[in-house]
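*Asks:* my questions are about this predicted structure, shown below with the sequence.
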Amino acid sequence: MVESVEPLRIPSVDRVHCRCGETVLLDIELHERAYYLREGEKAIIKITKSKEECLEYEFCGMGYVVSKKKIGGEGEYHRVVISIGGLLLVIKSSDKSLIEPLELVGKYYIGIKRVK
């Protein structure tokens, strides 16, 4: 579910803050002309290696994992950053098994569609 939408300094680009259950937070930067999500909307965000599978979604973008690390301290979590043509998808999760399969510098397709 989209918790909030934050306009960035880049014209027409928003950072969309999403939560999936109790263990996953997603922040994705989207250009309004390519795709947009609004606060309170529900969406499915799929990360896959299959272009054909991604094309079944309303939005499909290709990106590379540019960072993958464990953030320590209190409230420890794992974080992965995927660059989609310069726009970022940041996934934070306390569940290592969700982050582990994503390979550093791996090529992935990111599909997004609204759930009604």
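*Replies:* Received it, and whenever you're ready, just let me know what you need.
*Asks:* could you point out the helix or strand that follows the longest strand along the chain?
*Replies:* Determined from DSSP state E, the single longest strand within the chain is strand 59-71. Scanning forward in sequence from strand 59-71 by DSSP states H and E, the next helix or strand is strand 77-84.
*Asks:* got the CA positions of that next one in CSV?
*Replies:* C-alpha atoms of strand 77-84 as CSV (Å, rounded to 0.1, in the frame of the first residue of the first chain):
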residue,chain,number,x,y,z
TYR,A,77,17.5,-4.6,8.2
HIS,A,78,18.7,-5.5,4.7
ARG,A,79,18.6,-2.9,1.9
VAL,A,80,18.9,-3.2,-1.8
VAL,A,81,18.9,-0.3,-4.3
ILE,A,82,17.9,-0.8,-8.0
SER,A,83,18.6,2.0,-10.5
ILE,A,84,15.9,2.2,-13.2
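*Asks:* helices or strands up against that strand?
*Replies:* In terms of contacts (3 or more CB pairs under 8 Å, 6 or more residues apart in numbering; DSSP states H and E), strand 77-84 is packed against strand 59-71, strand 87-93, helix 96-99, strand 107-115. All C-beta atoms are positioned from the backbone trio N, CA, C, and that covers glycine.
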